[in-house]
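Trainee: Fold the following and give me the result.
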Amino acid sequence: MTVKKITTAAQKGGVGKTTSGLNLARAAVVQGLRALIIDADPQGNISSVAARERATTDDLDLADVIAAGSDVTLAEAIRPGVWDGLDVVAGSRKLSIVRDQLTGMVAGREHRLREALATVEQDYDLVLIDVGPNLDLITINALTASDRVLIVTEPGLFAADGIAELQNTVRSVQQYFNPGLQIAGVLVNRVEEATSHDQYWIEEFNQSIDNVLTPAIPKHTWIRDAQEVPKGLDEWGTRKARAVADIYAAHLDTIRRS
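Mentor: Have a look, this model is predicted:
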(Lines give C-alpha, C1' and ligand atoms only; values in the text may rest on other atoms or scores of the structure.)
Protein backbone atom coordinates (compact mmCIF):
# COMPACT_ATOMS: atom_id res chain seq x y z
CA MET A 1 0.00 0.00 0.00
CA THR A 2 1.21 3.50 -0.80
CA VAL A 3 0.62 5.81 2.14
CA LYS A 4 -1.60 8.73 1.20
CA LYS A 5 -2.65 10.63 4.34
CA ILE A 6 0.12 11.92 6.60
CA THR A 7 -0.08 14.17 9.65
CA THR A 8 3.03 16.19 10.50
CA ALA A 9 3.11 16.71 14.26
CA ALA A 10 5.38 18.17 16.93
CA GLN A 11 5.00 18.45 20.69
CA LYS A 12 6.19 22.07 20.71
CA GLY A 13 6.37 24.93 18.29
CA GLY A 14 9.49 26.28 16.64
CA VAL A 15 10.96 22.98 15.46
CA GLY A 16 10.35 23.50 11.74
CA LYS A 17 7.23 21.35 11.40
CA THR A 18 5.53 23.74 9.00
CA THR A 19 8.71 24.10 6.94
CA SER A 20 8.98 20.33 6.72
CA GLY A 21 5.38 19.96 5.60
CA LEU A 22 5.81 22.59 2.91
CA ASN A 23 8.99 20.99 1.58
CA LEU A 24 7.40 17.54 1.55
CA ALA A 25 4.52 19.01 -0.47
CA ARG A 26 7.02 20.55 -2.86
CA ALA A 27 8.77 17.19 -3.25
CA ALA A 28 5.41 15.61 -4.06
CA VAL A 29 4.45 18.01 -6.84
CA VAL A 30 7.96 17.86 -8.34
CA GLN A 31 7.41 14.09 -8.59
CA GLY A 32 4.15 14.74 -10.44
CA LEU A 33 1.88 13.86 -7.52
CA ARG A 34 -1.38 15.65 -6.83
CA ALA A 35 -1.09 16.95 -3.25
CA LEU A 36 -3.45 18.51 -0.72
CA ILE A 37 -2.31 20.40 2.38
CA ILE A 38 -4.86 20.63 5.20
CA ASP A 39 -3.95 23.26 7.77
CA ALA A 40 -5.30 22.01 11.10
CA ASP A 41 -3.31 24.53 13.15
CA PRO A 42 -5.23 27.55 14.51
CA GLN A 43 -2.20 29.72 13.70
CA GLY A 44 -2.66 28.92 10.01
CA ASN A 45 1.06 29.13 9.24
CA ILE A 46 1.39 26.56 6.48
CA SER A 47 -1.66 27.73 4.55
CA SER A 48 -0.44 31.34 4.73
CA VAL A 49 2.56 30.37 2.59
CA ALA A 50 1.22 27.35 0.67
CA ALA A 51 -1.98 28.95 -0.68
CA ARG A 52 -1.70 30.98 -3.87
CA GLU A 53 -3.71 33.79 -2.30
CA ARG A 54 -3.94 34.58 1.39
CA ALA A 55 -7.32 33.65 2.90
CA THR A 56 -9.66 36.37 4.11
CA THR A 57 -12.15 36.21 6.97
CA ASP A 58 -14.91 35.58 4.41
CA ASP A 59 -13.23 32.51 2.92
CA LEU A 60 -14.26 29.04 4.01
CA ASP A 61 -11.56 27.11 5.88
CA LEU A 62 -11.17 23.90 7.85
CA ALA A 63 -13.02 25.28 10.86
CA ASP A 64 -16.15 25.78 8.74
CA VAL A 65 -15.94 22.18 7.53
CA ILE A 66 -15.50 20.34 10.83
CA ALA A 67 -17.61 22.59 13.08
CA ALA A 68 -20.39 20.78 14.93
CA GLY A 69 -23.53 20.68 12.79
CA SER A 70 -21.82 22.15 9.71
CA ASP A 71 -22.84 21.04 6.21
CA VAL A 72 -19.88 22.76 4.50
CA THR A 73 -17.92 20.21 2.45
CA LEU A 74 -14.15 20.00 2.29
CA ALA A 75 -14.33 20.59 -1.46
CA GLU A 76 -15.86 24.00 -0.81
CA ALA A 77 -12.87 25.01 1.31
CA ILE A 78 -10.15 23.87 -1.12
CA ARG A 79 -8.03 26.64 -2.65
CA PRO A 80 -5.21 26.59 -5.24
CA GLY A 81 -1.68 26.24 -3.89
CA VAL A 82 1.46 28.12 -4.86
CA TRP A 83 2.60 25.30 -7.15
CA ASP A 84 0.76 23.43 -9.88
CA GLY A 85 -0.52 20.17 -8.47
CA LEU A 86 -0.97 21.56 -4.94
CA ASP A 87 -4.26 22.47 -3.26
CA VAL A 88 -4.76 23.88 0.23
CA VAL A 89 -7.43 23.95 2.91
CA ALA A 90 -6.61 26.87 5.15
CA GLY A 91 -6.56 26.93 8.94
CA SER A 92 -7.51 29.85 11.14
CA ARG A 93 -8.04 30.88 14.75
CA LYS A 94 -11.66 29.74 14.32
CA LEU A 95 -10.30 26.22 14.90
CA SER A 96 -9.86 27.07 18.59
CA ILE A 97 -13.56 27.84 18.81
CA VAL A 98 -14.46 24.68 16.89
CA ARG A 99 -12.29 22.62 19.23
CA ASP A 100 -14.39 23.78 22.16
CA GLN A 101 -17.61 23.08 20.22
CA LEU A 102 -16.50 19.55 19.40
CA THR A 103 -15.75 18.88 23.05
CA GLY A 104 -19.47 19.19 23.72
CA MET A 105 -20.48 16.68 21.05
CA VAL A 106 -21.82 13.38 22.38
CA ALA A 107 -20.51 11.16 19.56
CA GLY A 108 -18.44 11.35 16.39
CA ARG A 109 -16.34 14.35 17.34
CA GLU A 110 -13.03 12.56 16.67
CA HIS A 111 -14.10 11.58 13.14
CA ARG A 112 -15.19 14.94 11.71
CA LEU A 113 -12.08 15.41 9.56
CA ARG A 114 -11.92 11.78 8.41
CA GLU A 115 -15.52 11.93 7.22
CA ALA A 116 -14.94 15.22 5.41
CA LEU A 117 -11.70 14.02 3.81
CA ALA A 118 -13.33 10.85 2.52
CA THR A 119 -15.31 12.94 0.01
CA VAL A 120 -12.19 14.30 -1.79
CA GLU A 121 -9.24 12.05 -1.00
CA GLN A 122 -9.67 10.06 -4.23
CA ASP A 123 -8.63 13.22 -6.11
CA TYR A 124 -5.16 13.26 -4.54
CA ASP A 125 -2.04 11.12 -4.37
CA LEU A 126 -0.94 12.69 -1.10
CA VAL A 127 -2.68 14.51 1.74
CA LEU A 128 -0.52 16.34 4.30
CA ILE A 129 -2.25 17.49 7.49
CA ASP A 130 -0.38 20.08 9.54
CA VAL A 131 -1.39 20.26 13.21
CA GLY A 132 -0.48 22.59 16.05
CA PRO A 133 1.78 21.64 18.95
CA ASN A 134 -1.18 20.98 21.24
CA LEU A 135 -2.37 17.40 21.74
CA ASP A 136 -6.02 18.42 21.57
CA LEU A 137 -9.19 17.36 19.79
CA ILE A 138 -8.14 18.95 16.50
CA THR A 139 -4.93 16.91 16.55
CA ILE A 140 -6.93 13.79 17.44
CA ASN A 141 -9.13 14.48 14.38
CA ALA A 142 -6.04 14.71 12.16
CA LEU A 143 -4.55 11.49 13.50
CA THR A 144 -7.87 9.68 13.17
CA ALA A 145 -8.01 10.75 9.51
CA SER A 146 -4.42 9.72 8.71
CA ASP A 147 -2.54 6.62 7.62
CA ARG A 148 0.72 7.79 9.17
CA VAL A 149 2.10 10.46 11.46
CA LEU A 150 5.49 12.09 10.91
CA ILE A 151 6.99 13.41 14.13
CA VAL A 152 9.12 16.52 13.58
CA THR A 153 11.61 17.50 16.25
CA GLU A 154 14.98 19.11 16.86
CA PRO A 155 17.98 17.95 18.89
CA GLY A 156 17.59 18.32 22.66
CA LEU A 157 16.26 16.88 25.90
CA PHE A 158 12.85 18.58 25.73
CA ALA A 159 12.44 17.29 22.17
CA ALA A 160 13.04 13.74 23.37
CA ASP A 161 10.40 14.15 26.08
CA GLY A 162 7.96 15.54 23.52
CA ILE A 163 8.44 12.56 21.22
CA ALA A 164 7.44 10.26 24.08
CA GLU A 165 4.26 12.29 24.66
CA LEU A 166 3.34 12.12 20.98
CA GLN A 167 3.96 8.38 20.91
CA ASN A 168 1.53 7.98 23.81
CA THR A 169 -1.08 10.02 21.93
CA VAL A 170 -0.62 7.87 18.82
CA ARG A 171 -1.15 4.72 20.89
CA SER A 172 -4.39 6.13 22.29
CA VAL A 173 -5.65 7.00 18.80
CA GLN A 174 -4.71 3.51 17.59
CA GLN A 175 -6.66 1.94 20.44
CA TYR A 176 -9.84 3.97 20.22
CA PHE A 177 -10.19 5.60 16.80
CA ASN A 178 -7.75 4.50 14.12
CA PRO A 179 -6.07 1.10 14.54
CA GLY A 180 -4.27 1.47 11.20
CA LEU A 181 -2.36 4.58 12.25
CA GLN A 182 1.42 4.15 12.37
CA ILE A 183 4.38 6.41 13.03
CA ALA A 184 6.10 6.91 9.68
CA GLY A 185 9.27 8.22 11.27
CA VAL A 186 10.93 10.93 13.31
CA LEU A 187 12.38 13.80 11.28
CA VAL A 188 15.12 15.67 13.13
CA ASN A 189 15.29 19.27 12.00
CA ARG A 190 17.65 22.23 12.33
CA VAL A 191 20.75 20.18 13.03
CA GLU A 192 24.12 21.93 13.27
CA GLU A 193 26.46 19.13 12.38
CA ALA A 194 29.54 20.90 13.68
CA THR A 195 28.26 21.14 17.26
CA SER A 196 28.85 18.40 19.83
CA HIS A 197 25.41 19.14 21.37
CA ASP A 198 23.49 18.28 18.21
CA GLN A 199 25.66 15.27 17.42
CA TYR A 200 25.12 13.92 20.93
CA TRP A 201 21.33 14.13 20.56
CA ILE A 202 21.36 12.65 17.08
CA GLU A 203 23.18 9.63 18.51
CA GLU A 204 20.75 9.46 21.45
CA PHE A 205 17.74 9.56 19.12
CA ASN A 206 19.17 6.85 16.89
CA GLN A 207 19.78 4.57 19.89
CA SER A 208 16.54 5.15 21.78
CA ILE A 209 13.87 5.96 19.16
CA ASP A 210 12.61 3.72 16.40
CA ASN A 211 12.59 4.88 12.79
CA VAL A 212 14.60 8.11 12.91
CA LEU A 213 14.86 9.33 9.33
CA THR A 214 18.38 9.89 8.09
CA PRO A 215 19.94 12.15 7.14
CA ALA A 216 18.62 14.88 9.42
CA ILE A 217 17.68 18.30 8.02
CA PRO A 218 20.53 20.78 8.50
CA LYS A 219 20.06 24.24 9.92
CA HIS A 220 20.35 27.02 7.34
CA THR A 221 18.74 30.46 7.34
CA TRP A 222 17.92 30.16 3.64
CA ILE A 223 15.54 27.27 4.34
CA ARG A 224 13.32 29.69 6.25
CA ASP A 225 13.92 32.40 3.64
CA ALA A 226 12.73 30.08 0.85
CA GLN A 227 9.58 29.25 2.83
CA GLU A 228 8.67 32.91 3.26
CA VAL A 229 8.89 33.70 -0.48
CA PRO A 230 7.72 30.88 -0.93
CA LYS A 231 9.96 28.82 -3.16
CA GLY A 232 10.87 25.18 -3.23
CA LEU A 233 14.45 24.50 -2.22
CA ASP A 234 14.99 23.07 -5.69
CA GLU A 235 14.08 26.54 -7.02
CA TRP A 236 16.42 28.41 -4.66
CA GLY A 237 19.34 28.18 -7.06
CA THR A 238 22.16 26.85 -4.91
CA ARG A 239 23.77 23.42 -4.73
CA LYS A 240 23.26 23.18 -0.96
CA ALA A 241 19.56 24.05 -1.27
CA ARG A 242 19.05 21.42 -3.97
CA ALA A 243 20.80 18.87 -1.75
CA VAL A 244 18.32 19.55 1.08
CA ALA A 245 15.43 19.33 -1.42
CA ASP A 246 16.76 15.88 -2.35
CA ILE A 247 16.72 14.87 1.33
CA TYR A 248 13.06 15.83 1.64
CA ALA A 249 12.25 13.94 -1.57
CA ALA A 250 13.98 10.82 -0.26
CA HIS A 251 12.15 11.08 3.06
CA LEU A 252 8.82 11.46 1.27
CA ASP A 253 9.52 8.25 -0.66
CA THR A 254 10.39 6.46 2.60
CA ILE A 255 7.25 7.69 4.34
CA ARG A 256 4.97 6.74 1.45
CA ARG A 257 6.40 3.22 1.47
CA SER A 258 6.17 2.83 5.26
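Trainee: Residue 128: what secondary structure?
Mentor: Using DSSP: H, G, I helix; E, B strand; the rest coil as the criterion, the local structure at residue 128 reads strand.
Trainee: can you pull the contacts of it?
Mentor: Residues touching residue 128, when contacts are defined by CB atoms under 8 Å, 6 or more residues apart in numbering, comprise 6-8, 21, 24-25, 28, 35-38. From N, CA and C alone the C-beta is placed, and that goes for glycine too.
Trainee: now swap in residue 78 and tell me
Mentor: 36, 87-89, 120.
Trainee: quick one, phi psi at it?
Mentor: When quoted as degrees, to the nearest 10, the phi and psi of residue 78 stand at phi -80, psi 140.
Trainee: Can you tell me how far it is from residue 252?
Mentor: With distances defined as CB to CB, to the nearest Å, the gap from residue 78 to residue 252 amounts to 21 Å.
Trainee: Outside of stretch 192-199 itself, list whatever touches it.
Mentor: Outside stretch 192-199, the residues that touch it by CB under 8 Å, 6+ apart are 155-156, 191, 218-219.
Trainee: residue boundaries of the strands in the stretch 1-150 of the chain?
Mentor: Under the criterion DSSP state E, counting those that start in this stretch, the stretch 1-150 of the chain carries strands at the ranges 5-9, 35-40, 78-80, 86-89, 126-131, 148-153.
Trainee: Now render the ones you listed as TSV, adding mean pLDDT and distance to residue 171.
Mentor: Listed next are the strands of the stretch 1-150 of the chain as TSV, based on pLDDT from 0 to 100; distance: least, CB to CB, whole Å:
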stretch	mean pLDDT	distance to residue 171
strand 5-9	96	14
strand 35-40	98	20
strand 78-80	98	32
strand 86-89	98	27
strand 126-131	97	17
strand 148-153	94	11
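Trainee: Could you point out which of those sits nearest residue 95?
Mentor: Distances from residue 95 to each of the strands of the stretch 1-150 of the chain were compared using CB to CB; the minimum, 6.9 Å, belongs to strand 35-40.
Trainee: helices or strands up against that closest one?
Mentor: In this structure, strand 35-40 makes packing contacts with helix 17-30, helix 45-50, helix 62-66, strand 86-89, helix 112-117, strand 126-131, helix 137-145, judged by 3 or more CB pairs under 8 Å, 6 or more residues apart in numbering; DSSP states H and E.
Trainee: quick one: which of those is nearest residue 100?
Mentor: Evaluated with CB to CB, the helices and strands packed on strand 35-40 place helix 137-145 nearest to residue 100, the distance being 8.7 Å.
Trainee: What mean pLDDT does the closest one get?
Mentor: Per-residue pLDDT values across helix 137-145 average out to 96.
Trainee: With stretch 221-236 instead?
Mentor: Regarding stretch 221-236, the rounded mean pLDDT is 92.
Trainee: distance between the ends of stretch 186-203?
Mentor: With CA to CA, to the nearest Å applied, stretch 186-203 spans 13 Å between its terminal residues.
Trainee: Quick check: residue 84 touching residue 28?
Mentor: No: contact criterion CB atoms under 8 Å: residue 84 and residue 28 do not qualify, at 11.7 Å.
Trainee: higher neighbour count, those two?
Mentor: Counting neighbours by other CB atoms under 10 Å for residue 84 and for residue 28 shows that residue 28 has the greater number, 26 against 8.
Trainee: since we're on the nearest residue to that one once chain neighbours are set aside, how many residues are nearby?
Mentor: The spatial neighbour of residue 28 that comes closest, neighbours along the chain excluded (CB to CB, 6 or more residues apart in numbering), is residue 35 at 4.2 Å. Neighbours of residue 35 under the rule other CB under 10 Å: 24.
Trainee: which ones are touching residue 35?
Mentor: Shown in contact with residue 35 (CB under 8 Å, 6+ apart): 25, 28-29, 81, 85-87, 124-128.
Trainee: give me that answer again for 6 Å
Mentor: Counting by CB atoms under 6 Å, 6 or more residues apart in numbering, residue 35 makes contact with 25, 28-29, 86, 126.
Trainee: same question, residue 110
Mentor: In this structure, residue 110 makes contact with 140, 144, 177, judged by CB under 6 Å, 6+ apart.
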